[in-house]
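Student: Build the 3D model from these lines:
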Amino acid sequence: MTVSRRAAAGAAKALKEVRAIGKKQLINSEQGKQLQNGPLCPFSTAPETLKFENTVAEQSPKPEALKTSASNKLGCPVLRHVPSLPFVGSMIPEYSGLPKFTLEDQYENNNVIRKKFGNFITLGFPTFGTGYHGTLYSIYDPNEMMKVVRNEGDKPSGIVEKLWAWRRALKDSGSALVSLREDGEYDYGLFDRGDGWKRQRTFLQTGMLDPRAARDFVPGIVEAAEQASQAAPAHASDVNEYLNYTAFDMFCSFMFGTQMRTTSTIVLKDDEVRKSNAENEKFVNAALAVFEKTNRMNLVPTELIMGAYLPFMKSSMYLDFENEWNIVREVGLKKIRDFIDRYDRNELDEMEQASYLAGAIERQRSTKEVSEDEMMELCLTALFVGVDTTSSVTAWNLMHLALNPDIQEKLHSELSVAVKERGSEGGTKINADVLGKKASPYLHMCLRESHRVTPAFGGAMWKGNSRSEVEIHGEIIPKGSLVQLGHVSYDPEYVDSPQDFRPERWTPEGVASRKDTKSEVLDHPYLRDPFSQGARRCPGSRVATNEILAMIAQLVLDWNISAPTIQSSDDVKYTASPIKPIFPTLQFESRQ
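Tutor: Okay, the predicted model is just below:
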């Protein structure tokens with residue numbers, strides 16, 4: 001039902017009265033009386049404005065787009081529909097009223113969209129959402145998102161199956177992850193939701209998600225972090241590149257049980273050393289290019305139309321992406337094949353024998369859960385995906401610590417004590433105990449606060465209700481819909497001084513102070529980290545977390561890190577997805 005602008009304005013005014021009066025809820029308007037019929041939802045905020053900032057949307061908006069009542073009779077947000085068009089969805093700002101989406105304003109746009117359209121909306125995002133409009137539901141209440149997660153079923157959907165360019169490249173390159181079903185359709189395995197996904201996912205996550213297994217890989221990760229930290233000053237003006245290589249080196253210690261030392265060798269002038277490391281550099285650069293070109297294609301409506309409806313066409317943008325994809329496959333699969341050959345010749349050293357890949361080879365040959373080609377492709381996927389997300393999260397943590405010297409010193413003191421009391425080699429070296437919450441609680445608070453202020457992705461997670469329809473905020477969402485959980489963690493409505501980096505927000509006292517308040521939503525486990533939740537939670541999340549903890553801890557122990565050319569996080573620009581800060585030149589002063 002559509003309401004008038006005057007009625008909508010009255011609803012917004014009534015909602016302000018609710019907040020001002022609090023528990024008394026003395027509201028005279030009809031909207032206020034409706035709110036009193038049920039508990040006030042913390043996400044029932046009225047849209048800030050009722051006017052579209054474009055003439056096309058004003059002339060011919062969808063009737064549903066003018067819904068502006070702050071909340072329904074349950075006190076929860078009313079579903080509002082952002083105008084969309086077939087095939088292009090809501091991606092034309094002049095029609096939809098959405099701000100123009102770029103990779104450089106993702107955090108800001110999130111708050112703009114919420115203030116304009118509210119806390120419960122549909123919008124069109126072709127190839128990601130459903131139908132010709134690409135309909136996507138966007139919500140901000142993690143408790144409502146739990147309903148979707150519980151409705152995933154045994155073959156859940158997720159955002160990874162929406163990566164149309166990756167699926168197309170997998171099929172075109174003859175990847176063993178892709179198979180042809182009896183009905184003539186393709187099963188994209190790990191990038192799908194069918195039987196292939198379940199089988200491949202089960203194999204991949206074995207040895208990754210188990211906490212004890214992940215702990216066993218910490219010594220190799222720490223060694224890679226130590227080597228990378230020593231090279232930090234040489235990368236003071238190219239920190240993101242540096243962190244990309246550190247992520248690769250740490251993950252290789254997990255995957256192969258080998259210290260690649262890429263971070264150290266890329267700054268050397270010895271041509272022979274550089275030549276020996278050329279393949280690693282090539283792999284990392286191509287992996288990053290795959291992410292960058294994927295992001296760019298997803299911002300161009302014509303590319304999305306081509307991906308969804310014209311699979312026989314390849315644009316120049318897609319061909320560039322495909323070239324980088326093929327480099328990743330060529331270099332990565334060669335490294336994996338070489339390792340298998342050495343495994344068969346019994347040439348692996350002790351660390352290599354304890355690696356994830358050695359264990360995967362043994363499991364594949366004993367269980368036949370997947371073919372050898374599938375195993376190789378799964379390990380390749382883990383290797384190249386692990387480079388970008390890990391480096392993004394590490395980058396933001398490093399940026400915040402460089403801008404907050406008092407916090408950095410507090411963390412250094414904690415880590416110094418933890419290493420002395422619990423560290424290896426006579427209390428001189430980081431180990432799994434040092435990285436644990438019991439020994440280094442402030443380190444974990446820093447990571448949690450960094451994720452709050454600057455999450456790696458514009459949304460917290462994307463899930464589909466694969467099993468049946470589900471009720472969200474009193475509305476029935478059809479089976480097979482895609483639902484996005486958005487961030488409120490940097491919104492002043494929920495966080496005091498959200499731009500300030502304050503790890504103390506996550507002390508037991510800080511968490512207790514939010515109990516039974518609107519801000520309690522910040523402590524929901526769905527907003528805890530960038531690795532999603534449910535059956536499609538990132539299988540490498542434990543390994544990635546150990547890598548981030550180890551790298552940040554080692555850098556803080558070795559260096560006093562500062563960013564002398566900027567004053568605050570407000571001066572820091574960012575880009576990409578996963579979102580990364582654009583670093584100024586950092587300064588590394590030895591603590592030895």
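Student: and the longest helix anywhere in the chain, which residues are buried?
Tutor: Longest helix of the chain, by residue count under DSSP state H: helix 372-403. Residues of helix 372-403 classed as buried by neighbour count (16 or more other CB atoms under 10 Å): 374-403. Using the backbone N, CA and C atoms, a C-beta is placed for each residue, glycine as well.
Student: Also stretch 459-478?
Tutor: Result for stretch 459-478 [16+ other CB under 10 Å]: buried residues 459-466, 470, 472-474, 477.
Student: sorry, back to before: now the longest helix of the chain: mean pLDDT?
Tutor: When pLDDT is averaged along helix 372-403, the result is 95.
Student: pull the helix or strand with minimum mean pLDDT from the protein.
Tutor: Sorting the helices and strands of the chain by mean pLDDT, DSSP states H and E puts helix 55-59 at the bottom, at a mean of 32.
Student: list the helices and strands the helix or strand that that one is followed by packs on?
Tutor: Using DSSP states H and E, the helix or strand that follows helix 55-59 in sequence is strand 80-81. In terms of contacts (3 or more CB pairs under 8 Å, 6 or more residues apart in numbering; DSSP states H and E), strand 80-81 is packed against strand 120-124.
Student: and the next element down the chain from the strand it packs on?
Tutor: strand 135-139.
Student: What angle do strand 120-124 and that following strand make with each other?
Tutor: Computed by axes from the mean of the first three to the mean of the last three CA atoms, to 10 degrees, the angle separating strand 135-139 from strand 120-124 equals 150 degrees.
Student: buried stuff in the helix or strand just after strand 135-139?
Tutor: The element immediately downstream of strand 135-139 (helix or strand, assigned by DSSP H and E) is helix 142-150. Buried positions in helix 142-150, judged by neighbour count with 16+ other CB under 10 Å: 142, 144-149.
Student: Counting by contacts, list what helix 142-150 packs against.
Tutor: Counting by 3+ CB pairs under 8 Å, 6+ apart, the packing neighbours recorded for helix 142-150 are strand 459-464, strand 470-472, strand 482-486.
Student: what pLDDT, on average, does the first one get?
Tutor: The average pLDDT within strand 459-464 is 93.
Student: what's the angle between it and strand 482-486?
Tutor: Relative orientation of strand 459-464 and strand 482-486, computed by the same axes, to 10 degrees: 160 degrees.
Student: distance between strand 459-464 and the chain's centre?
Tutor: Offset of strand 459-464 from its chain centre (CA atoms, centre = their mean, to the nearest Å): 10 Å.
Student: That one packs against which elements?
Tutor: Helices and strands touching strand 459-464, as assessed by 3+ CB pairs under 8 Å, 6+ apart, comprise helix 142-150, strand 482-486.
Student: if we go to 10 Å?
Tutor: Helices and strands touching strand 459-464, as assessed by 3 or more CB pairs under 10 Å, 6 or more residues apart in numbering; DSSP states H and E, comprise strand 135-139, helix 142-150, strand 482-486.
Student: From the contact counts, what lies against the first one?
Tutor: Just to be clear, that refers to strand 135-139. Counting contacts by 3+ CB pairs under 10 Å, 6+ apart, strand 135-139 packs against helix 106-117, strand 120-124, helix 142-150, strand 459-464, strand 475-477, strand 482-486.
Student: Go through the ones you listed and name the closest to residue 179.
Tutor: Proximity to residue 179 (CB to CB) singles out strand 459-464 among the helices and strands packed on strand 135-139, at 21.6 Å.
Student: so that closest one versus helix 142-150, what angle?
Tutor: For strand 459-464 against helix 142-150, the angle by the same axes, to 10 degrees is 40 degrees.
Student: quick one: strand 459-464 to helix 106-117, angle?
Tutor: Using the same axes, to 10 degrees: strand 459-464 against helix 106-117 is 70 degrees.
Student: Please produce JSON lines containing the helices and strands packed on helix 142-150, extended by distance to residue 110.
Tutor: Shown next, in JSON lines, are these (distance: least, CB to CB, whole Å):
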{"stretch": "strand 459-464", "distance to residue 110": "8"}
{"stretch": "strand 470-472", "distance to residue 110": "19"}
{"stretch": "strand 482-486", "distance to residue 110": "6"}
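Student: Out of those, flag the one nearest residue 343.
Tutor: Closest approach to residue 343 among the helices and strands packed on helix 142-150 (CB to CB): strand 459-464, 36.6 Å.
Student: Do you know the pLDDT at the nearest residue in space to residue 144 that is not next to it in sequence?
Tutor: Excluding its sequence neighbours, the residue lying closest to residue 144 (CB to CB, 6 or more residues apart in numbering) is residue 472, at 5.1 Å. pLDDT recorded at residue 472 is 96.
Student: In contact with residue 472: list those residues for me.
Tutor: Residue 472 makes contact with 76-77, 79, 120, 137, 139, 141, 144-145, 147-148, 465, 481, 483, according to CB atoms under 10 Å, 6 or more residues apart in numbering.
Student: now the end-to-end length of stretch 214-222.
Tutor: Chord length of stretch 214-222, first to last residue, is 13 Å (CA to CA, to the nearest Å).
Student: Give me the mean pLDDT for it.
Tutor: 95.
Student: May I see the buried residues of it?
Tutor: Buried residues in stretch 214-222 (16+ other CB under 10 Å): 214-215, 217-222.
Student: Same question for stretch 300-313.
Tutor: For stretch 300-313, a neighbour-count test (16+ other CB under 10 Å) marks 303-307 as buried.
Student: repeat for stretch 289-299
Tutor: Under the neighbour-count criterion of 16+ other CB under 10 Å, stretch 289-299 has 289-294, 297-298 buried.
Student: Distance from it to the middle of the chain?
Tutor: With CA atoms, centre = their mean, you get 15 Å for stretch 289-299.
Student: Stretch 521-535 too?
Tutor: Counting by CA atoms, centre = their mean, stretch 521-535 is centred 11 Å from the centre of its parent chain.
Student: same question, stretch 190-199
Tutor: For stretch 190-199, the distance to the chain centre is 21 Å (CA atoms, centre = their mean).
Student: so which helix or strand takes in the closest residue to residue 392 other than its chain neighbours?
Tutor: Distances taken as CB to CB, 6+ apart put residue 578 closest to residue 392, at 3.6 Å, once the chain neighbours are dropped. For residue 578, there is no enclosing helix or strand under DSSP H and E.
Student: What residues does residue 578 make contact with?
Tutor: Residue 578 touches 291, 295, 388-393, 395-396, 455-458, 530, counting by CB under 10 Å, 6+ apart.
Student: change it to 6 Å
Tutor: 388-389, 392, 456 (CB atoms under 6 Å, 6 or more residues apart in numbering).
Student: With residue 325 instead?
Tutor: Residue 325 neighbours (CB under 6 Å, 6+ apart): 169, 290.
Student: what separates it from residue 331, distance-wise?
Tutor: 11 Å (CB to CB, to the nearest Å).
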